[in-house]
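Peer 1: A predicted structure for the sequence below; I have some questions about it.
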Amino acid sequence: MTSDQGKTIFTGRCGSCHDADASKKLPDGTTLLARLAKNKDPETRLATRLKNPQERHQVFLYLQPMIEREQSSAPGDKTP
Ligand code: HEC
């Protein structure tokens, strides 16, 4: 239920540019997922685009497993 809400927000409002899994390439060749994975506090990072704390947290919960997967798949790539 909770992650569904985050999914609905993300796919509906962010998915057109970032894809449902946040892995669409941005103009500089990175992805939102990769950027969030490198960030120490991805939830706060989302605040640049999601002002509502409730929505932000739901979106964070939705993205969290993907972020964790991304972090563990790129162990040598933690520094920007
Ligand atoms: C119209 C296209 C578009 C939409 C819609 C969009 N984004 Fe983005 N977003 C971008 C682009 C392009 C960038 C990279 C900009 C840059 O390099 O500064 C970006 C960057 C970001 C970043 C910064 C990542 C970082 O650490 O540098 C965050 C966070 C983000 N988007 C979250 C969201 C969220 C959450 C939503 C939905 C509420 C969203 N975006 C909707 C195009 C979009």
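Peer 2: Yes, it's here.
Peer 1: CA only for contacts and neighbour counts going forward, please
Peer 2: OK.
Peer 1: Isn't residue 19 up against residue 12?
Peer 2: No: checked against CA atoms under 8 Å, the pair residue 19 and residue 12 is beyond contact range at 9.7 Å.
Peer 1: Please identify the helix or strand for the nearest residue to residue 71 once chain neighbours are set aside.
Peer 2: Of all residues not flanking residue 71 in the chain, residue 37 sits nearest, at 5.6 Å (CA to CA, 6 or more residues apart in numbering). Secondary structure from DSSP states H and E places residue 37 in helix 32-38.
Peer 1: just residue 16 next, same as before
Peer 2: Following DSSP H and E, the helix or strand that holds residue 16 is helix 15-18.
Peer 1: Could I get the buried residue list for that helix?
Peer 2: Applying a neighbour-count criterion of 16 or more other CA atoms under 10 Å, one finds 15, 18 buried in helix 15-18.
Peer 1: go on, stretch 30-40?
Peer 2: By 16+ other CA under 10 Å, the buried positions in stretch 30-40 come out as 31-39.
Peer 1: Any idea which residue of this structure lies closest to the ligand?
Peer 2: Using CA to the nearest ligand atom, residue 14 is the residue of the chain that sits closest to the ligand, at 3.5 Å.
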